[in-house]
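**Q** Pasting the sequence and the predicted model now:
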Amino acid sequence: MKKYLLIAWFLLLLFFPVLSLADEESPESVYRIVDASGKLLTHYAGVPDAGDEYISGDNRHFRIQTVDPENQTATAVSLGTFQLPDVSWLFESTQPVSAQRRAVALYCTHSDESYKPTDGVTSDEERGGIYDVAETFKSALEQQGITVYYSDETHHPHDAGAYRRSRATAASLIEEGVDAVMDIHRDGIPDPESYESEVEGEDTTMVRLLVGRSNQNADANKEFAAQIKAVADEIYPGLIKDIYIGKGSYNQDLMSQSVLLEFGTYTNHKEDVLASTGYMADVMNKTLYGGVKGAAGAESKAAVQENKGGWSGIFWLILAFVIGAAIFAFASTGRAKDAAHHFKRTFQEMTGGLTGKKNNKDPQ
């Protein structure tokens with residue numbers, strides 16, 4: 001009997017590292033999302049729910065109809081093409097004028113999330129590599145002239161209560177009077193190629209936008225995500241992977257301009273993920289503020305428009321006066337020659353003698 005127990009114990013020791021590795025390489029359930037014909041649309045780390053929506057990179061719109069937990073597959077029906085907001089203003093000489101004070105908030109709900117090729121682990125229970133991404137993104141936003149309220153508070157463990165624990169952090173940041181709040185994550189999809197991309201010739205990873213549909217701000221949150229994608233698609237194609245509208249709230253009920261950003265997945269090299277933060281900061285700047293860098297830039301643009309309008313008004317006022325004076329001169333004299341002389345004299349008086357020849361007989 002002891003012999004069999006020893007053999008069983010030996011086998012357990014052999015398989016234990018494999019089991020541990022499998023757990024590390026699969027931090028959460030990963031579902032296949034397919035269309036009605038069974039064609040793969042995307043993967044989703046987590047458990048999707050009937051009613052969730054998915055907007056693909058090429059803007060095909062789907063709603064999940066059925067979920068098969070046994071095969072970890074969700075089937076989605078097509079809703080047609082999703083119409084992104086019009087961002088033609090990006091290419092106009094005069095873009096929307098920035099607000100005087102520009103501020104956003106950043107935090108990380110899943111504090112353990114890391115990038116295995118670079119960090120060496122998928123999950124770090126002390127402080128995950130995701131904070132490196134958040135801090136690099138923060139610096140990139142600040143270079144755009146945006147004030148960033150950032151919290152490096154941790155919310156361990158990575159469980160169902162993480163969003164409850166991060167809620168206080170998000171609420172505190174929003175109290176600073178920010179224009180948007182972003183929760184920084186990385187995905188749990190095993191395939192690194194699903195996020196690998198290239199922007200302007202640089203190796204980067206894509207960003208997935210995640211929106212919660214179980215709160216009163218769901219429509220506004222979805223609209224905000226769509227606006228971000230529309231801007232990114234125009235200026236940095238390949239940066240935004242897609243948009244997933246899930247059953248949760250993700251604390252997005254706290255603010256209408258709230259979004260969860262998944263920067264790459266845990267199998268991506270963190271260097272490529274960091275490369276995407278600068279492009280994403282530019283996208284957020286243009287989405288929120290029209291791309292004007294800093295309050296001073298906004299004031300200058302407003303001043304230019306005001307001056308143009310002011311000079312235009314003065315021009316039309318002078319023109320109206322000249323025409324009126326000419327009509328009055330003709331009506332007073334009845335003759336064109338006399339009217340011209342009368343108008344010339346009137347205009348000289350109006351300009352303080354700055355025009356025409358000076359008449360020495362006039363009193364000084």
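**A** Cool, got the structure.
**Q** residues contacting the spatially most central residue of the chain?
**A** For the chain, the residue sitting closest to the mean C-alpha position, by C-alpha atoms, centre = their mean, is M284 at 3.6 Å. M284 sits next to V104, L141, Q144, I146, A180, M182, I228 when contact means C-beta atoms under 8 Å, 6 or more residues apart in numbering. Quick note: C-beta positions are derived from backbone N, CA and C, even for glycine.
**Q** ditto for A76
**A** The contact partners of A76, by C-beta under 8 Å, 6+ apart, come to I33, V34, D35, A36, L41, Y54, F62, R63, I64, Q65.
**Q** you'd agree it is in a helix?
**A** No: per DSSP: H, G, I helix; E, B strand; the rest coil, A76 lies outside any helix segment and is strand.
**Q** Give me the nearest residue to it, chain neighbours excluded.
**A** With sequence-adjacent residues excluded and distances taken as C-beta to C-beta, 6 or more residues apart in numbering, A76 is closest to F62, at 3.8 Å.
**Q** Just to be sure, that neighbour is in a strand?
**A** Yes: the assignment for F62 (three-state DSSP) places it in a strand.
**Q** follow-up on the earlier one: go through the contacts of A76 and name the one nearest L274.
**A** Relative to L274, the closest of the contacts of A76 is Y54; by C-beta to C-beta it sits at 27.0 Å.
**Q** Can you say which helix or strand has that closest one in it?
**A** strand 53-55 (DSSP states H and E).
**Q** average pLDDT across that strand?
**A** Here strand 53-55 scores 98 as its mean pLDDT.
**Q** Show me where the stretch 101-250 of the chain has its helices.
**A** For the stretch 101-250 of the chain, the helices defined by DSSP state H, counting those that start in this stretch cover 116-119, 130-143, 162-174, 218-235.
**Q** closest one to S78 among the ones you listed?
**A** For S78, the closest of the helices of the stretch 101-250 of the chain is helix 218-235, at 17.8 Å, according to C-beta to C-beta.
**Q** The closest one: how far from the chain's middle?
**A** Distance, stretch centre to chain centre, for helix 218-235: 7 Å (C-alpha atoms, centre = their mean, to the nearest Å).
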